[in-house]
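>>> Got a predicted structure here, sequence first:
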Amino acid sequence: MNFAVLVFPGSNCDIDCYKAVEDTVGQPVEYVWHTETDLSKYDCILVPGGFSYGDYLRCGAIARFAPVMGALVKAAAEGKYVLGICNGFQILTEAGLLPGALMRNRELKFRCHQALLQVENAKTAFTSDYEQGEIISIPIAHGEGNYYCDEATLAELKANNQIVFRYKTGENPNGSVEDIAGICNKAGNVLGMMPHPERAISELLGSADGKRMFTSILSTWREQHGAAAVN
């Protein structure tokens, strides 16, 4: 299984994502610069956190127009896995790959600490190794993680089981609507989340709960591609 980690000017979690793939699933992984226009060789594309293009205008607003984004939209339409983390989530909403928007945190402060999440949908390609309703510890690091959508969009997210993660009740760090921490598209192959699973792959880092996101992706890909892919 081939992984890509997109790199924009200002990305700063690209190395974390690369190492997470190496350390959790041991599959081929490459950095892909934002000027590339072909992602056809990759099965999963990671859109990492950071401050793409300095977060000018608003988070993800400029990155959304990078040359690689056309290829990313195509890959998503083809059913390839796309995982946007933090700034990556912001980019995916700006690009229209996920609904809603990320606003300034409710208290207008940058929040950087461990966060408890509840797994709301354990049947996605990204969460199959988790238990439904499980509480996991994944760190956050954001100033604009306040997820917002209108009532109609929220109703649609619920109806289609697109809410994948919520912050544990009473521990919402940013004011996001209904404690939403991560959502997927209707097809289930594109996930955006504010917490950083790539920073939770070892107990030395405070939690290893992020490892199962990467093993989930590999397991689902292998199931879809038959037993021959296992080896």
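The structure has been received and is ready for your questions.
>>> Just the C-alphas of the longest helix seen in the chain, formatted as PDB.
Longest helix in the chain, counting residues (DSSP state H): helix 211-225. Extracted as PDB, the C-alpha positions of helix 211-225 are listed here (Å, rounded to 0.1, in the frame of the first residue of the first chain):
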ATOM      1  CA  LYS A 211      -1.700   3.800  15.900                       C
ATOM      2  CA  ARG A 212      -5.000   2.000  15.200                       C
ATOM      3  CA  MET A 213      -6.000   4.700  12.700                       C
ATOM      4  CA  PHE A 214      -3.100   3.700  10.500                       C
ATOM      5  CA  THR A 215      -3.600   0.000  11.000                       C
ATOM      6  CA  SER A 216      -7.300   0.400  10.200                       C
ATOM      7  CA  ILE A 217      -6.500   2.000   6.900                       C
ATOM      8  CA  LEU A 218      -4.100  -0.800   6.000                       C
ATOM      9  CA  SER A 219      -6.500  -3.500   7.100                       C
ATOM     10  CA  THR A 220      -9.400  -2.100   5.100                       C
ATOM     11  CA  TRP A 221      -7.200  -1.600   2.000                       C
ATOM     12  CA  ARG A 222      -6.000  -5.200   2.300                       C
ATOM     13  CA  GLU A 223      -9.600  -6.500   2.600                       C
ATOM     14  CA  GLN A 224     -10.600  -4.500  -0.500                       C
ATOM     15  CA  HIS A 225      -7.700  -5.800  -2.500                       C
END
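>>> And that helix, what does it pack against?
helix 14-24, strand 81-85 (3 or more Cβ pairs under 8 Å, 6 or more residues apart in numbering; DSSP states H and E). In short, each C-beta sits where N, CA and C put it, glycine included.
>>> for the helix or strand following the longest one, packing partners?
Elements were assigned by DSSP states H and E; along the chain past helix 14-24, the next helix or strand is strand 29-33. For strand 29-33, the helices and strands in contact under the criterion 3+ Cβ pairs under 8 Å, 6+ apart are strand 3-7, helix 14-24.
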